[in-house]
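Q: structure for the following, please:
(one chain, ligands or ions: 1)
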Amino acid sequence: MASDRIYMDHASSTPVDPLVLEAMLPYFNEVYGNASNIHSFGRGSREGIEKARKQVADLIGAEPEEIIFTSGGTESDNMAIKGYLNGSRKNGTHIMTSSIEHPAVLRTFQHLEKTGFEVTYVPVDEEGIVKIDEYTDSFRDNTSLVSIIFGNNEIGVVQDIKELARIAHEKGAILHTDAVQAYGKIPIDVKEMGIDLLSLSGHKIYAPKGIGALYIRKGLRISRINHGGSHERGLRSGTENVPAIVGLGKAAEVCGQRMEEDTAREMKMRDHMINEIMAKIPETYLNGHRTKRLPNNVNVRFSHIEGEAILLNLDYHGIAVTTGSACSSASLDPSHVMLAIGLKAEEAHGSMRLTLGRQTTDAEVEKVLEVLPGVIEKLRKMSPLG
Ligand SMILES: Cc1ncc(COP(=O)(O)O)c(C=O)c1O
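A: This is a model prediction of the structure:
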């Protein structure tokens, strides 16, 4: 569909890549057998699933048998954390996470806290980097699991997961990372980085919504959180969503092929946007680390105005941005991520996130840079906060 609307919200979701769609289509009405059946119809679906498992694993240096398909990032996060702790409560009831997690991890920890786990929420500095000394000092004799977000969905900050995993292991704990925003965008090698559990999601990487995966290091025991027909090595019962799994596999393969080119292009556009916005609009600040950030993330805040008003005004111009994460933007509470980097509530509310993608063009970037200063100026003139 031709459109002159501009989509700058790829961290919320992405369009399905044409190659992904093409790979999926036969699995709706040509290869439709239940993959649990051993007749030829079932075997066709099974082959599709196992090929996808290898494609998803290859992108992070994992073995295919270390990948379990799920319904997305949220389920992978829940399965990793609850599944590991159910399986090994004896290992210790102290668990740690960061103060800038996605709700899929944050709320899981809050739930576990209510059920008797002791939780440490490790702070981050004003650029969003986990405070390594406090992290190291927070481990106890009974710390069993740490969960740290790889690339933050709001401010784009990328953590040194290799170092965080090294410390966790030294202290006798394991590390889970929510890599939903990082998988397919930056190089990840689970073996080299020492990652024990990793969550990923399809709809952030040009595969459909409602499909994801969990990497579980070989030898690590996690217990099932749902029961049924013992699909996915008994860890995730339920007939597999074969077309979506095939799509996730293809999307992973395409990300691998395009990563270098896409990253370089998006980083160039990202840096150009950050520099231009800061140069053209006074009293503008960058949220999140300048360089340790996802290649496609721009997050800036403007004094004296509300992000919500910017969003609506840009939408009027056909430009889609967000004020925080898609999941929390329905709420009026300031984002916990913005508060964690030390912003006051009114500063947090003045933030705007633009996330670039494969289809983003230089012309679109220039159009946003042309429209934005006028929108901010107009809103500041009207603002009672100024
Ligand atoms: C960092 C992060 N984790 C988890 C999720 C949830 O993934 P899904 O939408 O596939 O459940 C998201 C989606 O916004 C995310 O950005």
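Q: contacts, neighbours, all on C-alpha from now
A: Noted.
Q: got any ranges where the protein has weak pLDDT?
A: Along the chain, the parts satisfying pLDDT under 70 run over 1-3, 88-91, 324-332, 385-386.
Q: just the strands from it, written as ranges.
A: Counting by DSSP state E, one finds strands in the chain at the ranges 6-7, 67-70, 94-98, 118-122, 143-149, 174-178, 197-201, 212-216, 284-286, 297-302, 319-320, 351-355.
Q: list the contacts of the closest residue to Asn142 other than its chain neighbours.
A: Leaving aside its chain neighbours, Asn142 sits nearest to Gly92 (4.2 Å; criterion: CA to CA, 6 or more residues apart in numbering). Residues near Gly92 by CA atoms under 8 Å, 6 or more residues apart in numbering: Asp141, Asn142, Thr143, Ser144.
Q: next, the second one: phi, psi?
A: Meaning Asn142. phi -110, psi 20 (degrees, to the nearest 10).
Q: hmm, it is touching His94, no?
A: Yes - judged on CA atoms under 8 Å, Asn142 makes contact with His94 at a distance of 5.6 Å.
Q: about what we covered before: JSON lines please, covering the strands of the chain and showing mean neighbour count.
A: Listed next are these as JSON lines, based on neighbours: other CA atoms under 10 Å:
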{"stretch": "strand 6-7", "mean neighbour count": "20"}
{"stretch": "strand 67-70", "mean neighbour count": "25"}
{"stretch": "strand 94-98", "mean neighbour count": "24"}
{"stretch": "strand 118-122", "mean neighbour count": "19"}
{"stretch": "strand 143-149", "mean neighbour count": "25"}
{"stretch": "strand 174-178", "mean neighbour count": "26"}
{"stretch": "strand 197-201", "mean neighbour count": "29"}
{"stretch": "strand 212-216", "mean neighbour count": "26"}
{"stretch": "strand 284-286", "mean neighbour count": "18"}
{"stretch": "strand 297-302", "mean neighbour count": "24"}
{"stretch": "strand 319-320", "mean neighbour count": "21"}
{"stretch": "strand 351-355", "mean neighbour count": "26"}
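Q: and of those, who's closest to the ligand?
A: strand 197-201 (4.6 Å; CA to the nearest ligand atom).
Q: chain center to that closest one, what's the gap?
A: Distance, stretch centre to chain centre, for strand 197-201: 9 Å (CA atoms, centre = their mean, to the nearest Å).
Q: which residues touch stretch 125-134?
A: Applying CA under 8 Å, 6+ apart, the contact partners of stretch 125-134 are 98, 100, 122-124, 155, 157-159, 164, 287-289, 340-342.
Q: quick one on the thing from earlier: need the strands of the chain in a markdown table (columns: distance to the ligand).
A: Shown next, in a markdown table, are these (distance: least, CA to the nearest ligand atom, whole Å):
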| stretch | distance to the ligand |
| --- | --- |
| strand 6-7 | 16 |
| strand 67-70 | 9 |
| strand 94-98 | 12 |
| strand 118-122 | 17 |
| strand 143-149 | 7 |
| strand 174-178 | 6 |
| strand 197-201 | 5 |
| strand 212-216 | 6 |
| strand 284-286 | 19 |
| strand 297-302 | 12 |
| strand 319-320 | 16 |
| strand 351-355 | 12 |
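Q: now render these as a markdown table, adding distance to Lys185.
A: Shown next, in a markdown table, are the strands of the chain (distance: least, CA to CA, whole Å):
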| stretch | distance to Lys185 |
| --- | --- |
| strand 6-7 | 18 |
| strand 67-70 | 19 |
| strand 94-98 | 22 |
| strand 118-122 | 25 |
| strand 143-149 | 14 |
| strand 174-178 | 14 |
| strand 197-201 | 11 |
| strand 212-216 | 15 |
| strand 284-286 | 21 |
| strand 297-302 | 11 |
| strand 319-320 | 21 |
| strand 351-355 | 12 |
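Q: from the contacts of stretch 125-134, which would you call buried?
A: When those are checked for burial by 16 or more other CA atoms under 10 Å, the buried set is 98, 100, 122-124, 155, 157-159, 164, 287-289, 340-342.
Q: quick check, nearest of these to the ligand?
A: Using CA to the nearest ligand atom, the buried ones among the contacts of stretch 125-134 come closest to the ligand at Ile100, 9.7 Å.
Q: returning to what we had before: how near is the residue nearest to Asn142 to Phe117?
A: According to CA to CA, to the nearest Å, Gly92 stands 9 Å off from Phe117.
Q: then Val368?
A: For Val368, the distance to Phe117 equals 47 Å [CA to CA].
Q: who's more crowded, those two?
A: Of the pair Val368 and Phe117, Val368 is the one with more neighbours under other CA atoms under 10 Å, namely 20 against 17.
Q: who's in contact with that one?
A: Counting by CA under 8 Å, 6+ apart, Val368 makes contact with Ile319.
Q: mind doing that once more with 10 Å?
A: Residues near Val368 by CA atoms under 10 Å, 6 or more residues apart in numbering: Ile6, Met8, Met273, Ile277, Leu314, His317, Gly318, Ile319, Leu354, Asp362.
Q: if we can go back for a sec, who touches both of Gly92 and Phe117?
A: With CA under 10 Å, 6+ apart as the test, Gly92 and Phe117 both reach Leu85.
Q: flag every buried residue along stretch 27-44.
A: Neighbour-count burial for stretch 27-44 [16+ other CA under 10 Å]: Tyr27, Val31, Tyr32, Gly33, Asn34, Ala35, Gly42, Arg43, Gly44.
Q: which parts of the stretch 151-300 of the chain are helices?
A: Taking DSSP state H, counting those that start in this stretch as the test, the helices found in the stretch 151-300 of the chain are 161-170, 190-193, 242-280.
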